[in-house]
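>>> Here is the input, now give the coordinates:
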Amino acid sequence: MISIEQYNDPAIAQFYNADLYEEPMAFQTMFFLRLIEHGALRKVDPKILSVEFYMPLLFLFLRMLPLTDDEKILAGTKEFCREHMLHFRRTYGLQKT
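Residues are numbered from 1 along each chain as shown. Just a heads-up that it's a prediction; the model follows:
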């Protein structure tokens, strides 16, 4: 619904584009750049890291609108987030030696 209404309402377009995409992506790009600079992540384009980290989480957020109290959906979402973060760390984190 939000994705459709963004074309009809400038405030929703602002929310959809700036608050859900541009600002989080800019923040995460800088965050991942700092982690790379400090040796906590492999040297990978931080913009790509931002997309690979954030987009699945944004998808889940949009899927959860309207918010649900369904315990099965919430548990599945929580498990997916946990697995996503573990995968990201295994894929891009540096191995401890």
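>>> Just name the shakiest helix or strand of this structure by mean pLDDT.
helix 2-5 (a mean of 70; mean pLDDT, DSSP states H and E).
>>> Downstream of it, the next helix or strand is which one?
helix 10-14 (DSSP states H and E).
>>> Buried ones in that following helix, by neighbour count?
Ile12 (16 or more other C-beta atoms under 10 Å). (Glycine included, C-beta is placed from N, CA and C.)
>>> Surely Ala13 and Tyr7 touch.
Yes. With contacts counted by C-beta atoms under 8 Å, Ala13 reaches Tyr7, the gap being 7.2 Å.
>>> residue ranges with poor pLDDT in this structure?
Across the chain, the ranges flagged by pLDDT under 70 are 1-3, 65-67, 95-97.
>>> what do you get if the cut-off is 80, keeping everything else the same?
Applying pLDDT under 80 to the chain flags the ranges 1-6, 62-69, 95-97.
>>> so how many other residues sit close to Phe32?
Neighbours of Phe32 under the rule other C-beta atoms under 10 Å: 22.
>>> now do the one 10 residues further on
Using other C-beta under 10 Å, the number of residues around Arg42 comes to 13.
>>> what sits against the residue nearest to it when sequence neighbours are not counted?
The shortest distance from Arg42 to any non-neighbouring residue, by C-beta to C-beta, 6 or more residues apart in numbering, is to Tyr92 (5.3 Å). The contact partners of Tyr92, taken as C-beta atoms under 8 Å, 6 or more residues apart in numbering, are Leu41, Arg42, Val44, Leu49.
>>> now Tyr92: how far from Lys43?
10 Å (C-beta to C-beta, to the nearest Å).
>>> so Leu33 touches Pro46, yeah?
Yes. Leu33 lies in contact with Pro46 (C-beta under 8 Å); the separation is 4.3 Å.
>>> okay, now Phe15: neighbour count?
Neighbours of Phe15 (other C-beta under 10 Å): 15.
>>> Check Phe53 too.
Counted with other C-beta under 10 Å, residues neighbouring Phe53 total 19.
>>> quick one: it and Thr29, what's the gap?
10 Å.
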